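> please find the sequence and the predicted model below.
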Amino acid sequence: MVRYPRRPTARRIAAASSWNPTPASYRRLGMGVAVVGGIVRPPPPRHSESPRSTPPPLCETMGELISGNYKGEINDQEWVPKTCHAVPMSPFAWTRNTKCQATITMMGDGHVRNLFTATINGLRGVRAFAEAHEDREAKSRGIAESYFWRLHKDGTASDRYAVHVDTYARNADIFEDCPCDEVEKCLRIAFVWAPKFEDQLRQLHVLTNEKSDVVIVSPGNAAEPIDALPYIWTAAFDDLLREYENLQLGVVQYPFGMQPEGRAAALAHWTTNNTAHAGRMSFLNQKEMKHVPTNSKNMTKYACGLGKVNVENDNIIAIKPCTDLTDAAHVRALITVHLDALG
């Protein structure tokens, strides 16, 4: 069973190869896009950047990415590394070198779902929104979410979001393959609910069935308060990387809550000292790049949750803006490090 949102999410947007906007010709919709006469285009340079300045090189390591700070106006800030730059929140930028199809699969608990939510709304240019979570009983039967973006041969683009339920029983595919004979390219992003080590090992087949290019996984977090990093888990992912030579793995840890000491160190050691898969693994501790809010609510659970806001006709009504710039920064860091895997 696939449940689609009440409001159709497919929209036509145009890709621009060249555009020189003036301040009066655009309005910002968040990181990665701007709207000009109803057409979505890349935004102009932000902050202190000059349109003619030479941009810094693309960051290559997580160490380069986490060395930086937030810049921009309140409630519209972004993380800016000191010596390099992160790839923007743009499906055009993420698939620039993609020949046909690029697939990102995220697996973990609610904190990874927050990353997925930040990704989809960031790619769509949505700055603030509310998110409804499935209940515990539905999660116990298997939950997955998917986002499918297509760039058509005429330069327009469309996307679709869906929630997949009862995935344990059905063992169904989350995506259809990109129809490369009909479209220019596709970006497919999935989130699989799997908070525990056992849940993730149980669903490793999803990563390969969906032809994942990049896997983002959070092992355990507070759902696993005893074992820091079991060998059976690392061995399974080592085998996966060994079998699929083009696959890349981004490991994230939300280090708060009741967790065993040494997990962060174990994850860092496994990912950075893994000579068998050098250059194909990264580790991001989610205490890094943390945004300290001023007059907005910076929530652990994305966008304050439905209990904190009113939603009328798909419009979010809140006393204060609800943001989570940290998740957006984390997503951009992970994709920047593993961008070459997408094409």
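Nice, I can see it.

> C-alpha only now, for contacts and for neighbours.
Fine.

> okay, now the unreliable bits of the stretch 151-300 of the chain?
171-172, 292-300 (pLDDT under 70).

> could you pull out the strands in it for me?
Secondary structure of the stretch 151-300 of the chain (DSSP state E, counting those that start in this stretch): strands at 156-165, 183-193, 214-217, 248-253, 281-285, 297-298.

> where along the stretch 1-150 of the chain do the helices fall?
Here the stretch 1-150 of the chain has its helices, by DSSP state H, counting those that start in this stretch, at 62-66, 91-94, 110-124, 136-140.

> now the first one: average pLDDT?
Translated: helix 62-66. Helix 62-66 comes out with an average pLDDT of 95.

> looking at the helices of the stretch 1-150 of the chain, which is nearest to residue 207?
helix 110-124 (15.3 Å; Cα to Cα).

> dump the closest one to CSV, keeping only the CA atoms.
The C-alpha coordinates for helix 110-124 follow below in CSV (Å, rounded to 0.1, in the frame of the first residue of the first chain):
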residue,chain,number,x,y,z
GLY,A,110,13.6,9.6,14.0
HIS,A,111,16.8,11.6,13.7
VAL,A,112,17.6,10.1,10.3
ARG,A,113,14.0,10.7,9.3
ASN,A,114,14.7,14.4,10.2
LEU,A,115,17.5,14.3,7.8
PHE,A,116,15.2,12.9,5.1
THR,A,117,12.6,15.5,5.8
ALA,A,118,15.2,18.3,5.7
THR,A,119,16.5,16.9,2.4
ILE,A,120,13.1,16.8,0.6
ASN,A,121,11.9,20.2,1.8
GLY,A,122,15.3,21.7,1.1
LEU,A,123,15.3,20.4,-2.4
ARG,A,124,11.8,21.8,-2.9
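
> for residue 57, phi and psi?
Per-residue torsions, residue 57: phi -70, psi 160 (degrees, to the nearest 10).

> how about residues contacting the one helix or strand residue 332 maps to?
Residue 332 is part of helix 325-337, with elements assigned from DSSP states H and E. Under the criterion Cα atoms under 8 Å, 6 or more residues apart in numbering, residues 58-62, 65, 77-79, 86-89, 94, 114-115, 118-119, 122, 250, 282, 284, 286, 289-291, 298 lie in contact with helix 325-337.

> off-centre distance for that helix?
Here the centre of helix 325-337 is set off from its chain's centre by 7 Å, with Cα atoms, centre = their mean, to the nearest Å.

> and that helix, what's its mean pLDDT?
Throughout helix 325-337, pLDDT has a mean value of 92.

> strand 281-285 and that one, what's the angle between them?
Counting by axes from the mean of the first three to the mean of the last three Cα atoms, to 10 degrees, helix 325-337 points 160 degrees away from the direction of strand 281-285.

> mind saving the C-alpha coords of helix 325-337 as PDB?
Provided in PDB are the C-alpha atoms of helix 325-337 (Å, rounded to 0.1, in the frame of the first residue of the first chain):
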ATOM      1  CA  LEU A 325      19.100  24.400  10.200                       C
ATOM      2  CA  THR A 326      21.400  21.800  11.700                       C
ATOM      3  CA  ASP A 327      19.800  18.900   9.800                       C
ATOM      4  CA  ALA A 328      20.100  20.900   6.500                       C
ATOM      5  CA  ALA A 329      23.800  21.500   7.200                       C
ATOM      6  CA  HIS A 330      24.300  17.800   8.000                       C
ATOM      7  CA  VAL A 331      22.600  16.700   4.800                       C
ATOM      8  CA  ARG A 332      24.700  19.000   2.600                       C
ATOM      9  CA  ALA A 333      27.900  17.800   4.300                       C
ATOM     10  CA  LEU A 334      27.100  14.200   3.700                       C
ATOM     11  CA  ILE A 335      26.100  14.700   0.100                       C
ATOM     12  CA  THR A 336      29.200  16.900  -0.600                       C
ATOM     13  CA  VAL A 337      31.500  14.100   0.700                       C
END
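
> thanks a lot, see you next time.
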